[in-house]
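> Fold the stuff below for me.
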Amino acid sequence: MPMTTENRKMIRLFENALERRFYRPLAEVPLQGFWERSWLTPQEGFARPMTPVVNGTPWGGLDVYGWFMATVEVPAAAAGHRLVLHPGVGGKEGLFYLDGQPREGLSWVRFIFHDRSHPTLMAVAEAGRRLVVGLEIHAGGDQRIAPTTIGIWQEEVYQLWLDVRTLRELHETVTETSQAAADIEQGLARCVRLVDLDLQDEALVAVCAEARSVLAPLLARRNGDDAPTMYTYGHGHLDVAWWWTLDETARKISRTPANQLSLLEEYPEHIFVQSQPAEFLMLKQRHPEVYRQVQAAVAAGRIVAEGAMWVEPDVNLSGGEALIRQILHGKRFLAEEFGVDARLAWLPDVFGFSAALPQILVGCGVPFFVTSKLFWVERGTAAFPYNTFRWQGIDGSRVLAHTMRTYNQETNPECVHSHWARRADQRGPGMMLHPYGRGDGGGGPCRHHLEFRRRLADLAGLPRLRVASPLQFFADYEAAGHQPPTWVGELYMQMHQGTYTSQGRLKRGNRRAELGLREAECWAALAGAGF
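Predicted coordinates for the structure are as follows:
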């Protein structure tokens, strides 16, 4: 039978109360800083003279950047705990530096869970250590300085919240009359009654650990042989140009890889897919030390450098020659910088696809294609019918293609269940791509994504979550001998109406640029030949 109203309300209130207890402040951190609109490198920003920042001081504005620093001594009370920073400067996005090195991307944009604004100083704190904290913050509007503090991230409280949310959402996906539903409801109700939220500090942590032991058997239940598989990997799509300047794009691409490198240290199973060679180049120019770490992570198989095109371009306005050059420059960069032969056209945020594209992809040695948004349809019209299919172009060339509902997935049970239940291939093979993480400066995956993914790796009642790249998905699909349906011709994107016809100047400018580049190349070739 369905969960009782009393239990449902009690569990939700308990979740919310736990979330307010993740962070226990220990001490205020006095900041120094300045802010201005100039585009500064990190070396320039942190070398500038800084003055003490007073709480209550207004700062910010459109395209204003703040640079802040502080020296922190780890207090004795933090020893052995996860020590985190709570920046009180506000802002939209930023980058956290520790001892001069970029460590985590920051975001004050609230997503499905909470904002990303408690960067880790030390996973296991050592009393007496002195740490230098730096913050590079995009204000994104008017802000006001509030106290910045350091404190303990109460890990057992956080882990219990993850357990409770996982099981509560799982309960909403299993059959209401099943024994699993009854067991989950009873276990959650027992857990809630066990934890006294008036307890403080170590006493609260201890009782949360006890409550987790109550829920552990429910989280240990495994799937049968017939469970489908979602191929999961981290991703952080970034529009090269959208609601911000190219300078801000260079800052944004710095935040996400720094964030993922920190997560790779803590979660050995995690992999992250980074596309767009143009953004790799921005990272190399702005943060060469982060770029070197990314190269090492690619070599180790932890970061997947894919997406054969230089950027993720529009493929309707662009001429065929321009698209071939996208692939030429993209593949060459990935080969020279990472030793990667890119085989995937990764275009999740493009507004429809010309029927000429399969021929171009095959001719350039790119056999696989992934996109999204084809399921975004006008009301009353038919949705795209496939997830995995052969896409055939006008000359008969074919690539193996996969389309997702979104490239910004979550990994909590509700999202995973919904993504699988809404698949287009209801009678197709039990396998789909499920990239997770927040893009456009959101930092890609956060700890929430990775913790939920761990719990859902093989949790009874949900698809299995396998950590694997999209290339592994295609390899497994072909190895299994599946015979995908074929789609011939254009892939039309219904929802984004008027994006071409309303931008005549853009079309004209694009065509003039193509002609100008062709002429410049002709003259360069003649000059090189000695004419």
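> List the buried residues for the helix with the most length in the chain?
Taking DSSP state H as the criterion, the chain has its longest helix at helix 504-528. Judged by neighbour count (16 or more other Cβ atoms under 10 Å), helix 504-528 contains these buried residues: 510, 514. Where you see a C-beta, it was placed from the backbone N, CA and C, and this is true even at glycine.
> State the mean pLDDT of it.
When pLDDT is averaged over helix 504-528, the result is 88.
> Show residues contacting it.
By Cβ atoms under 8 Å, 6 or more residues apart in numbering, the surrounding residues in contact with helix 504-528 are 317-319, 321-322, 500.
> what ranges do the helices span in this structure?
5-19, 42-47, 155-171, 179-194, 201-219, 246-266, 277-286, 288-299, 320-338, 357-363, 413-421, 447-455, 470-479, 504-528.
> what distance separates the longest helix of the chain from the centre of its chain?
Computed by Cα atoms, centre = their mean, to the nearest Å, the chain-centroid distance of helix 504-528 equals 36 Å.
> In this protein, where is pLDDT below threshold?
Applying pLDDT under 70 to the chain picks out residues 1, 109-116, 501, 531.
> Redo the contacts of helix 504-528 as CSV? Include distance to G528.
Compiled in CSV, these are given as follows (distance: Cβ to Cβ, whole Å):
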residue, distance to G528
L317, 30
S318, 26
G319, 24
E321, 19
A322, 22
Y500, 37
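> of all those, which comes closest to D196?
Ranked by distance to D196 (Cβ to Cβ), the contacts of helix 504-528 are led by Y500 at 60.8 Å.
> Tell me who's in contact with the closest one.
Residues near Y500 by Cβ under 8 Å, 6+ apart: 316-317, 507.
> what does G393 give?
Counting by Cβ under 8 Å, 6+ apart, G393 touches 355-359, 489.
> Where neighbours are concerned, which of the residues you listed has the most?
Ranked by the number of neighbours (other Cβ atoms under 10 Å), those place P358 first, at 29 neighbours.
> tell me how far the ends of stretch 405-420 are from each other?
10 Å (Cα to Cα, to the nearest Å).
> buried stuff in that stretch?
405-417, 419-420.
> Ok, stretch 438-457 next?
Buried residues in stretch 438-457 (16+ other Cβ under 10 Å): 438-456.
> cool, stretch 185-192 as well?
Residues of stretch 185-192 classed as buried by neighbour count (16+ other Cβ under 10 Å): 185, 187-189, 191-192.
> what do you get for stretch 61-68?
64-68.
> returning to that earlier point: quick check: ChimeraX command selecting the buried ones in the contacts of helix 504-528.
A single ChimeraX command selects the buried members of the contacts of helix 504-528 (16+ other Cβ under 10 Å):
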select :317,318,322
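> Farthest pair within the contacts of helix 504-528?
E321 and Y500 (19.3 Å).
> For V53, see how far away the residue nearest to P58 when sequence neighbours are not counted is.
Excluding the flanking residues, the one nearest P58 by Cβ to Cβ, 6 or more residues apart in numbering is R144, at 5.2 Å. Counting by Cβ to Cβ, to the nearest Å, the separation of R144 from V53 is 11 Å.
> Check L283 too.
29 Å.
> which one of these two has more residues nearby?
Using other Cβ under 10 Å, the more surrounded residue of L283 and V53 is V53, with 22 against 19.
> ranges for the strands of the stretch 351-500 of the chain?
368-372, 388-392, 398-404, 431-436, 464-467, 486-488 (DSSP state E, counting those that start in this stretch).
> Select, out of those strands, the one closest to A17.
The minimum distance between A17 and the strands of the stretch 351-500 of the chain falls on strand 431-436, with 26.7 Å, by Cβ to Cβ.
> So which residues make contact with that closest one?
228-235, 273, 370, 387-388, 402, 404, 407-411, 416, 419-420, 423, 445, 449, 453, 463, 465, 470, 473, 476-477.
> give me the number of residues near G141?
12.
> hey, what's it bridged with?
When bridges are called by DSSP bridges, G141 pairs up with G61.
> from what I can see it touches D63, true?
No. Shown here, G141 and D63 do not form a contact pair, counting by Cβ atoms under 8 Å, at 10.1 Å.
> Setting aside sequence neighbours, what's the nearest residue to G105?
R255 (3.0 Å).
> Ignore what I typed, I meant E378.
Q494 is the one closest to E378 (Cβ to Cβ, 6+ apart), at 5.2 Å.
> Of the buried residues of stretch 61-68, which is the nearest to W161?
Using Cβ to Cβ, F68 comes nearest to W161 of those, at 29.8 Å.
> How much space separates that closest one from E93?
Relative to E93, F68 is positioned 14 Å away (Cβ to Cβ).
> ditto for R168
31 Å.
> With I11 instead?
Distance from I11 to E93, by Cβ to Cβ: 33 Å.
> higher neighbour count, those two?
Per other Cβ under 10 Å, whichever of I11 and E93 has more neighbours is E93, with 24 against 21.
> roughly how far apart are the residue lying closest to D163 once chain neighbours are set aside and A457?
Using Cβ to Cβ, 6+ apart and skipping residues adjacent in sequence, the residue nearest D163 is L215, 4.8 Å away. L215 sits 16 Å away from A457, taking Cβ to Cβ as the criterion.
> next one: T403
For T403, the distance to A457 (Cβ to Cβ) stands at 25 Å.
> do the same with E248
Taken as Cβ to Cβ, the span from E248 to A457 is 36 Å.
> circling back to that earlier point, taking helix 320-338 as reference, get the angle to the longest helix of the chain.
70 degrees (axes from the mean of the first three to the mean of the last three Cα atoms, to 10 degrees).
> so what's P413 closest to, chain neighbours aside?
E169 (3.9 Å).
> who touches the closest residue in space to H237 that isn't next to it in sequence in this structure?
Nearest non-adjacent residue to H237, counting by Cβ to Cβ, 6+ apart: G439, 3.5 Å away. G439 is in contact with 235-239, 256, 407-408, counting by Cβ under 8 Å, 6+ apart.
> Ok, E156 next?
205-206, 208-209, 212.
> Now list the buried members of these.
Buried subset of the contacts of E156 (neighbour count, 16+ other Cβ under 10 Å): 205, 208, 212.
> ok, the second one - contacts?
I take that to be C208. Here C208 is in contact with 18, 154, 156-157, 159-160, 195 (criterion: Cβ under 8 Å, 6+ apart).
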